[in-house]
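Chemist: would you be able to build a 3D model of this:
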Amino acid sequence: MLYCLVSVCGWSQTVLHSTKKAIANILGKVPDLDLLPMTTNTIPTTAVNPYLDGNFAPVREEITADTLQVIGQLPPELSGMFVRNGPNPQWPPIGKYHWFDGDGMLHGVQISNGKASYRNRYVQTAGWKIEHEAGKAIWSGLLEPPQIDNHHGTYKNVANTALTWHGGQLLALWEGGAPHAIQVPELKTTGEHTYNGKLVSAFTAHPKVDPVTGEMMFFGYSFTPPYLQYSVVSATGELLRTVPIDLPIGVMMHDFAISENYTIFMDLPLTFRPGRMQKGEPLMMFERDRPSRFGIVPRYGDNSNIRWFESPACYVFHTLNAYEEGDEVVLVACRMNSTNVLVTEHTEIDSQGDIPYLHQWRFNLKTGSVREEKLDDVAAEFPRVNENFLGRQTRYGYAGKMANSIVPLFEGVIKYDLSSGQSQTHEFGRGRYGGEAVFAPRPDATAEDEGWLITFVYDEGSATSELIVVNAQDVTGEPVARVLIPQRVPYGFHGAWVTEEQLNWGLGIRN
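Modeler: Numbers count the residues shown, from 1 in each chain. Model (predicted):
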């Protein structure tokens, strides 16, 4: 059983592009070898690349389709737009292709009055425009040596990982560079969003928006000092502050969490050590003998008042939520024993390393103790909550149930009852695989789970895609609606639900 988590997280592109750039800067040349000798999703050169085949293959057309066929009935209260980001290479790649190399493409389904429309658009980054004008790929990908002679730069911001709504606009994210502002519902790229030039770090693909204050917290990591920078953005979209957080060494940090009063960082032992390269070892490795550290800092704190807690070595790609309870800060996330993100002859392979399970940590701010607990024994990833409760204690959480496959596929959606410890699963059906399920709350809901889980599903038998809408209070039941999409929607990364109010804001309609 091989769970290719490095293939579904949309993160290592940042690390590896930065690695290539750094090597080029340091060495001034590149040895005749692959920087990634083997990864858990490296494709043999003698086989068809599965990330350019089947439903991983790109679609070439950008289309708009109205009045889509609906099986079942779209809830009349469900009004807004589901948008999902993912890689979709504009041109045939140069050399070996990695799934993360693809240009960002947004797939959106707008729902209103029981009807649905679809459109897909590229995120038109600077790199996309250069290649579009050239009519071919200009940049090679992660599995190729860095192009130190490329006068456009050694890598491009592909904006293909995730989305967030904040400050009155939708942002397409890629953690190696600036976000891109997107107009809705047109999905038109406005351009890079640098907070009036105040953005001085990378920008995580998983920023957190406090549903009560409207503030957004984000971070940027690097394998050169400062290894971590932490920022807060006001509800109106002003970047208020950026502070460095000291780490002993650079680490791969894809996600983090917030509670009502704190921000939680994860200093996990997937480290960057340039000295290893001098020994012919990879720059990035998982160090099993190094503990995991969790840093808890007040929202407006800094390096002077962060508190660190240690637990056994592990890796976390995505968090579900965090909250405060008495003297404790509680974190819920998908935990793995280790990660085989870079497998080389120097790496001790853990066959169970990349299998994620939902876990909980309790950090006692009074005593300094840490309690870690496994919450479920079913492999799952891409955890989500009703984001109206982000940073507060929730009873429910949701995650994709991972299929037994050599490529990253989700065969269902798990609903966790964190109070009882029970779970229920919505199965997509035989030969049907989906993506991250996003929670769309019912307007004026009185219960936390009153709403719908929305995701794209691909039927490998009929080679067709659809958007499914599942009643979150009846996850084992049939979808309340299946919206048939007139073209294939490739497997991708993360999505967002844009409410009707937010769409109106984007259209300039103010109540």
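Chemist: name the SS class of the residue nearest to D255 when sequence neighbours are not counted, please.
Modeler: Excluding the flanking residues, the one nearest D255 by Cβ to Cβ, 6 or more residues apart in numbering is H206, at 4.6 Å. For the C-beta atoms, the positions are set from N, CA and C on the backbone; glycine is no exception. Judged by DSSP: H, G, I helix; E, B strand; the rest coil, the three-state class of H206 is coil.
Chemist: the closest residue to E478 other than its chain neighbours bridge partners, please.
Modeler: Among residues not flanking E478 along the chain, G72 sits closest, at 7.6 Å (Cβ to Cβ, 6+ apart). Assessed by DSSP bridges, G72 has beta-bridge partners A481.
Chemist: show me what contacts G72?
Modeler: Contacts for G72 (Cβ atoms under 8 Å, 6 or more residues apart in numbering) come out as 469, 478-482.
Chemist: max pairwise distance over these: which two?
Modeler: V469 and E478 (10.6 Å; Cβ to Cβ).
Chemist: of those two, which one has the most company?
Modeler: Ranked by neighbour count (other Cβ atoms under 10 Å), V469 and E478 place V469 first, with 25 against 14.
Chemist: I'd say that one and A481 touch.
Modeler: Yes: assessed by Cβ atoms under 8 Å, V469 is found in contact with A481 at 4.3 Å.
Chemist: overlap in contacts of the two?
Modeler: 72, 74-75.
Chemist: will you turn the residues you listed into CSV that also has pLDDT and distance to G102?
Modeler: Converted to CSV, the shared contacts of V469 and A481 look like this (pLDDT from 0 to 100; distance: Cβ to Cβ, whole Å):
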residue, pLDDT, distance to G102
G72, 98, 32
L74, 98, 30
P75, 98, 33
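Chemist: could you dump those to TSV with distance to Q360?
Modeler: Shown next, in TSV, are those (distance: Cβ to Cβ, whole Å):
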residue	distance to Q360
G72	35
L74	35
P75	32
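Chemist: can you tell me the SS state at W505?
Modeler: Put simply, W505 is helix when judged by three-state DSSP.
Chemist: skipping adjacent residues, who's closest to it in space?
Modeler: Once flanking residues are discounted, W505 sits nearest to G168: 5.3 Å by Cβ to Cβ, 6+ apart.
Chemist: tally of neighbours for that neighbour?
Modeler: A count of nearby residues for G168, using other Cβ under 10 Å, gives 12.
Chemist: which helix or strand contains the residue lying closest to P226 once chain neighbours are set aside?
Modeler: In this structure, P226 finds its nearest non-sequential neighbour in P244, 3.9 Å apart by Cβ to Cβ, 6+ apart. Using DSSP states H and E, P244 sits in strand 239-245.
Chemist: and that strand, C-alpha only, in CSV?
Modeler: The C-alpha trace of strand 239-245 is given here as CSV (Å, rounded to 0.1, in the frame of the first residue of the first chain):
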residue,chain,number,x,y,z
LEU,A,239,-0.5,43.9,6.4
LEU,A,240,0.0,45.0,10.0
ARG,A,241,3.2,43.3,11.0
THR,A,242,5.8,40.7,10.1
VAL,A,243,8.2,39.3,12.7
PRO,A,244,10.9,36.6,12.5
ILE,A,245,10.6,33.4,14.7
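Chemist: now do that strand, average pLDDT.
Modeler: Per-residue pLDDT values over strand 239-245 give a mean of 98.
Chemist: what is it packed up against?
Modeler: Contacting strand 239-245 under the criterion 3 or more Cβ pairs under 8 Å, 6 or more residues apart in numbering; DSSP states H and E are the following elements: strand 228-233.
Chemist: what's in contact with the strand it packs on?
Modeler: 166-167, 195, 200-201, 215-222, 239-247, 253, 263, 265, 297, 299-300, 302.
Chemist: just want the angle from it to strand 239-245.
Modeler: Counting by axes from the mean of the first three to the mean of the last three Cα atoms, to 10 degrees, strand 228-233 lies at 160 degrees to strand 239-245.
Chemist: and strand 228-233, which residues are buried?
Modeler: 228-233 (16 or more other Cβ atoms under 10 Å).
Chemist: widest-spaced pair of those?
Modeler: Greatest spacing in the buried residues of strand 228-233, by Cβ to Cβ: L228 and V233 (17.0 Å).
Chemist: need the CA coordinates for stretch 445-462. CSV is fine.
Modeler: Below are the C-alpha coordinates for stretch 445-462, written out as CSV (Å, rounded to 0.1, in the frame of the first residue of the first chain):
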residue,chain,number,x,y,z
ALA,A,445,-27.6,27.8,10.6
THR,A,446,-28.1,27.0,14.3
ALA,A,447,-25.9,23.8,14.3
GLU,A,448,-22.2,23.5,13.5
ASP,A,449,-22.7,20.8,10.9
GLU,A,450,-25.7,22.4,9.3
GLY,A,451,-24.5,22.8,5.7
TRP,A,452,-23.0,20.9,2.8
LEU,A,453,-19.8,19.2,1.8
ILE,A,454,-18.8,20.0,-1.7
THR,A,455,-16.2,18.5,-4.0
PHE,A,456,-15.5,17.4,-7.5
VAL,A,457,-15.7,13.7,-8.3
TYR,A,458,-14.4,11.9,-11.3
ASP,A,459,-15.9,8.6,-12.6
GLU,A,460,-13.2,6.6,-14.2
GLY,A,461,-15.7,4.3,-15.9
SER,A,462,-17.5,7.0,-17.8
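Chemist: distance from the chain centre to it, please.
Modeler: 18 Å (Cα atoms, centre = their mean, to the nearest Å).
Chemist: what do you get for stretch 52-70?
Modeler: Per Cα atoms, centre = their mean, the centroid offset for stretch 52-70 relative to its chain is 21 Å.
Chemist: from Y227, how far out is the residue nearest to P226?
Modeler: Distance, P244 to Y227, by Cβ to Cβ, to the nearest Å: 8 Å.
Chemist: V378 and G400 touch, don't they?
Modeler: No: here V378 does not reach G400: they are 10.7 Å apart, not a contact under Cβ under 8 Å.
Chemist: list the residues that contact both of the two?
Modeler: Residues touching both V378 and G400 by Cβ under 8 Å, 6+ apart: I414.
Chemist: which one's more surrounded, those two?
Modeler: Per other Cβ under 10 Å, whichever of V378 and G400 has more neighbours is G400, with 27 against 14.
Chemist: spatially nearest residue to that one (excluding sequence neighbours)?
Modeler: F410 (3.6 Å).
Chemist: for the stretch 1-150 of the chain, give me the ranges with low pLDDT.
Modeler: Residue ranges of the stretch 1-150 of the chain with pLDDT under 70: 1-47.
Chemist: check the secondary structure at the closest residue to N113 other than its chain neighbours for me.
Modeler: Distance criterion Cβ to Cβ, 6+ apart; nearest residue to N113, sequence neighbours excluded, is P76 at 6.8 Å. Using three-state DSSP, the structure places P76 in coil.
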